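starting from these lines, generate the structure:
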Amino acid sequence: MKSITLFSLLLLLISSCSKDDTVVQPTPSESMYFPSNTNSIWETKSISSLNWNQSAIQPLKDYLIQKNTKSFVILVNGRIGMEEYFNGHTSSLEWEWNSAGKTLVGTTIGIAQQENLLSINNKASDYLGTEWTSMPLEKENLITVKHLLTMTSGNDDTKQYVIKPNLTYVADAGTRWAYSNIFQKLTDVLASASNKPFEIYFNEKIKTKIGMDGFWNNGLIFKIYHSNTRSMARFGLLALNKGKWNNEQVINESFFNESIATSQNINPSYGYFWWLNGKPSYMIPGQQTVYQGNLVPNAPVDMYAAMGANDQRIYVVPSKKMVVIRMGDASDPANPNFAVSGFDNELWEKINAVIN
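This next block holds a predicted model:
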């Protein structure tokens, strides 16, 4: 009796694996998509194919309009799931990145290091010459390129214009985190190290490689990048893929991973110009206060973001293979911000209603 039972079980197993009754295997995960650098074609995904909540789309759009948004894009696996333009803005119009463009500068510095043109551990004065600040020389010599990347140079952050008289000593480099426009000196570091104007080097190493449009202009305080929304999305897609575009590693992955990790022990939510979610505390521009908790509680904990004044945003979420772009005027004109604000948390509440 036992042998008959075993034989019957064997027949059942063989039958279940026959060609007429094949076990359905899980669908392989969708491949990452990169838009062409030579035409305007960009693959899209429908709301239904993404299993998003259709009823939450209009409340998200209403919120974006209410908050003075000009453009909004969500990419999933590189494909456009949502692309909206408001208040007369269009896909061809360019807009300012403000401090979100700092991540472009940091990435360009990383490329120069991988080409052995510089080392971020070297003194900034190796590239800028001595007495590029108004600090005592022994304090100036403490400042490395990495300190400029991490907002820990120790200069007076209350003075916005990056001119020598304003670059004065407050603390030893590496001992104080303070959001400051001194980062702009990195463009001079790059120009000195590469023997090319910063813009030329950037265009060669990033802009052309990933098919961006746009330009740098010399703003009142520092260089500001302007581009259309899809170009901002292209850089976000590069960031999602840890510096890889199609089959080319544009920026060394190890450097990029450094960029999106805590860069110093003072503000754990700051990398190399990238803002990091999911850390135990954070600081914000213009203050020395340490706030407890995640940078953006409603956003995924693995999110990293490029943030610029008036709520220019690139949110990158590896766990969802997602990039979110927001460009526009300040969400709250009465209280403009330089980086993270309450807007981020409110926006992610609306996004979550769509994607979850």
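
contacts and neighbour counts: CA atoms only from here.
Will do.

now do the buried residues in stretch 136-156.
Under the neighbour-count criterion of 16 or more other C-alpha atoms under 10 Å, stretch 136-156 has 139-156 buried.

then stretch 306-326?
306-318, 322-326.

please apply the same query to stretch 246-264.
Under 16+ other C-alpha under 10 Å, the buried positions of stretch 246-264 are Val250, Ile251, Asn252, Glu253, Phe255, Phe256, Ser259, Ile260, Ala261, Thr262, Ser263, Gln264.

phi, psi of the fourth one?
What that stands for is Glu253. Backbone torsions of Glu253, given as degrees, to the nearest 10, read phi -60, psi -40.

returning to what we had before: which of the buried residues of stretch 246-264 fall in helices?
Taking DSSP state H, the ones among the buried residues of stretch 246-264 that sit in helices are Glu253, Phe255, Phe256, Ser259.

let's have these in TSV, adding pLDDT.
Shown next, in TSV, are those (pLDDT from 0 to 100):
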residue	pLDDT
Glu253	97
Phe255	98
Phe256	98
Ser259	98
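
what's the closest of those to Val105?
Among these, Ser259 lies closest to Val105 (C-alpha to C-alpha), at 11.6 Å.

from what I see, that closest one and Gly271 are in contact.
Yes. In terms of C-alpha atoms under 8 Å, Ser259 counts as a neighbour of Gly271; the distance is 5.1 Å.

ranges for the helices of the stretch 201-350 of the chain?
Here the stretch 201-350 of the chain has its helices, by DSSP state H, counting those that start in this stretch, at 208-210, 229-240, 253-259, 342-355.

and these: which comes nearest Gly278?
helix 342-355 (13.1 Å).

what comes up buried for that closest one?
Quick answer for helix 342-355 (16+ other C-alpha under 10 Å): Phe343, Asp344, Asn345, Leu347, Trp348, Lys350, Ile351, Asn352, Ala353, Val354.

could I have that helix exported to CSV, CA atoms only?
This file holds the C-alpha atoms of helix 342-355, laid out as CSV (Å, rounded to 0.1, in the frame of the first residue of the first chain):
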residue,chain,number,x,y,z
GLY,A,342,7.9,71.2,4.9
PHE,A,343,7.0,71.1,1.2
ASP,A,344,9.0,67.9,0.7
ASN,A,345,7.0,66.0,3.3
GLU,A,346,3.7,67.3,2.1
LEU,A,347,4.6,66.4,-1.5
TRP,A,348,5.6,62.9,-0.6
GLU,A,349,2.3,62.4,1.2
LYS,A,350,0.6,63.1,-2.2
ILE,A,351,3.1,61.0,-4.1
ASN,A,352,2.6,58.0,-1.8
ALA,A,353,-1.1,58.2,-2.3
VAL,A,354,-0.4,57.6,-6.0
ILE,A,355,2.3,55.0,-6.0
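
skip the chain neighbours and tell me the closest residue to Glu349.
Leaving aside its sequence neighbours, Glu349 sits nearest to Asn298 (C-alpha to C-alpha, 6 or more residues apart in numbering; 5.9 Å).

and that neighbour, how far from Asn345?
Here Asn298 is placed at a distance of 6 Å from Asn345 (C-alpha to C-alpha, to the nearest Å).

many thanks, we can stop here.
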